[in-house]
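# quick one, what's the 3D model for this:
(chains A, B, C and D)
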2 protein chains.
Amino acid sequence: MSSARESAAAEIAQRAENFRRVREAHQSETAEDYVELIAELIDRHGVARVGELAERFGVTSATVNNTLRRLQRHELVRIEPYRDVALTPAGRQLAREARERHELVRSFLIAIGVDPETAEADAEGIEHHVSHRTLAAFRRFVKRQPGAG
Amino acid sequence: MSSARESAAAEIAQRAENFRRVREAHQSETAEDYVELIAELIDRHGVARVGELAERFGVTSATVNNTLRRLQRHELVRIEPYRDVALTPAGRQLAREARERHELVRSFLIAIGVDPETAEADAEGIEHHVSHRTLAAFRRFVKRQPGAG
DNA sequence: CCTCCGAGTTAGCCACGGCTAACTTTGACG
DNA sequence: CGTCAAAGTTAGCCGTGGCTAACTCGGAGG
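Just a heads-up that it's a prediction; the model follows:
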């Protein structure tokens, strides 16, 4: 009956799983940020251009180009040299989900008393690391306190 | 008076700054996770070994070795071939801060009704992306609802 | 005191996501 | 309708952080 040893092993495995999930989230972060911003630019200006993305992410156009090529390999965007950036259906879907999550995290932070600017900044980092269950808790809280902040 | 244009430019710059901060946080994440776990292992077992770190992070010993060499360059750990891993004073300090933040995020999530396992998993991802102000809001909330969850 | 196994290390590979510098293309305007 | 600046692209570099495969080292047992 090495149940102590077994539960210690289970704890260790659980911890490894948690770290693995964080690493996974990091992989999808860039993709989500890009499709989210591309969708927003298309909504507001009709088009999304490399330079606008670079300016808003605070990176160079070269970096945006690299990233867009990767996203195209993953079938999230469609790019042609010297043309506007377009989203694939999968990209649009991911953008919608990302935007919803982002908005929820931001309004939750405001609801617990964080000022709007900080809420926006922190939401950018937090949004990619929030599980469904925690999101549900955020949603419950925001609903209970619709005017907080 | 192109104040509309100016405030649009300010918004764009602010957004870039937010993304820049997230990228910065990613750079320190691994370091914080390592020193935090190393400190915990030393507390519990007296020593921290490469294999234990690898097992708990869910990566290979080779990866741990690479990372430890980088952390040594940054003066957070002291390593000698085939010996236990030690923390520098800076490493111990960082570990203490990381642990506090981790614990606060976890208890906050529990306080808003997230189950303890999910809270632990999500805290791992969230802790590196929470500003001082948001942390303060978490702290206020936990104090107001000490038994929630 | 020697052997040998397991822990640790090293070498070399890959993808991501930054950068600069040099180039090409586009399209606006004289 | 040609020019040329601005926008975009390409090439090549770097650090992080994963991996496998092959190695070396240390210490426990015979």
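# ok and the residue in chain A nearest DNA strand D?
DNA strand D sits closest to A:Gly51 of chain A, with a gap of 2.6 Å, by C-beta to the nearest atom of the strand. C-beta: built from backbone N, CA, C; applies to glycine.
# can you report how many residues lie near that residue?
Residues lying near A:Gly51 (other C-beta atoms under 10 Å in any protein chain shown) number 9.
# following element in sequence after whichever helix in chain A runs longest, please.
Across chain A, the longest stretch assigned as helix under DSSP state H is helix A:3-45. Where DSSP states H and E defines the elements, the next helix or strand beyond helix A:3-45 is helix A:50-57.
# does that next one reach DNA strand C?
Yes. Helix A:50-57 lies within reach of DNA strand C by C-beta under 7 Å from any atom of the strand, at A:Phe57.
# just to revisit the earlier point, okay, the residue of chain A closest to DNA strand D and A:Thr88: tell me how far apart.
Applying C-beta to C-beta, to the nearest Å, the value for A:Gly51 to A:Thr88 is 22 Å.
# enumerate the residues of chain A near DNA strand C.
Residues of chain A lying near DNA strand C (C-beta under 7 Å from any atom of the strand): A:26-27, A:29-31, A:57-60, A:62-63, A:66-67, A:70, A:81-82.
# quick one, grab the pLDDT at the closest residue to A:Val85 other than its chain neighbours.
Nearest residue to A:Val85, sequence neighbours excluded (C-beta to C-beta, 6 or more residues apart in numbering or on different chains): A:Ala48, at 4.6 Å. On pLDDT, A:Ala48 comes in at 98.
# again, but for A:Glu40
Looking at A:Glu40, its pLDDT is 98.
# tell me, how many residues neighbour it?
When counting by other C-beta under 10 Å, one arrives at 14 neighbours for A:Glu40.
# contacting residues around it?
A:Arg99 (C-beta atoms under 8 Å, 6 or more residues apart in numbering or on different chains).
# could you redo the last one with a cut-off of 7 Å?
Not one residue lies near A:Glu40 by C-beta atoms under 7 Å, 6 or more residues apart in numbering or on different chains.
# likewise for A:Pro116?
By C-beta under 7 Å, 6+ apart, the residues touching A:Pro116 are A:Ile110.
# where does pLDDT dip in chain A?
Along chain A, the parts satisfying pLDDT under 70 run over A:1-5, A:147-149.
# only the buried residues of the host helix or strand of A:Val142, if you could.
Following DSSP H and E, one finds A:Val142 within helix A:132-144. By neighbour count on 16 or more other C-beta atoms under 10 Å in any protein chain shown, the buried set for helix A:132-144 is A:Arg133, A:Thr134, A:Leu135, A:Ala137, A:Phe138, A:Phe141, A:Val142.
# how near is the residue nearest to A:Val85 to A:Glu32?
For A:Ala48 relative to A:Glu32 (C-beta to C-beta), the value is 15 Å.
# kindly report the same for A:Ala54.
18 Å.
# again with A:Thr60
Distance, A:Thr60 to A:Glu32, using C-beta to C-beta: 21 Å.
# which one's more surrounded, these two?
The residue with more neighbours, out of A:Thr60 and A:Glu32, is A:Glu32; 20 against 10, by other C-beta under 10 Å.
# now do the residue lying closest to that one once chain neighbours are set aside: how many residues are near it, please.
Nearest residue to A:Glu32, sequence neighbours excluded (C-beta to C-beta, 6+ apart): A:Ala98, at 4.3 Å. Around A:Ala98 sit 22 other residues, with neighbours defined as other C-beta under 10 Å.
# quick check: which element contains A:Ala98?
Going by DSSP H and E, A:Ala98 is part of helix A:89-111.
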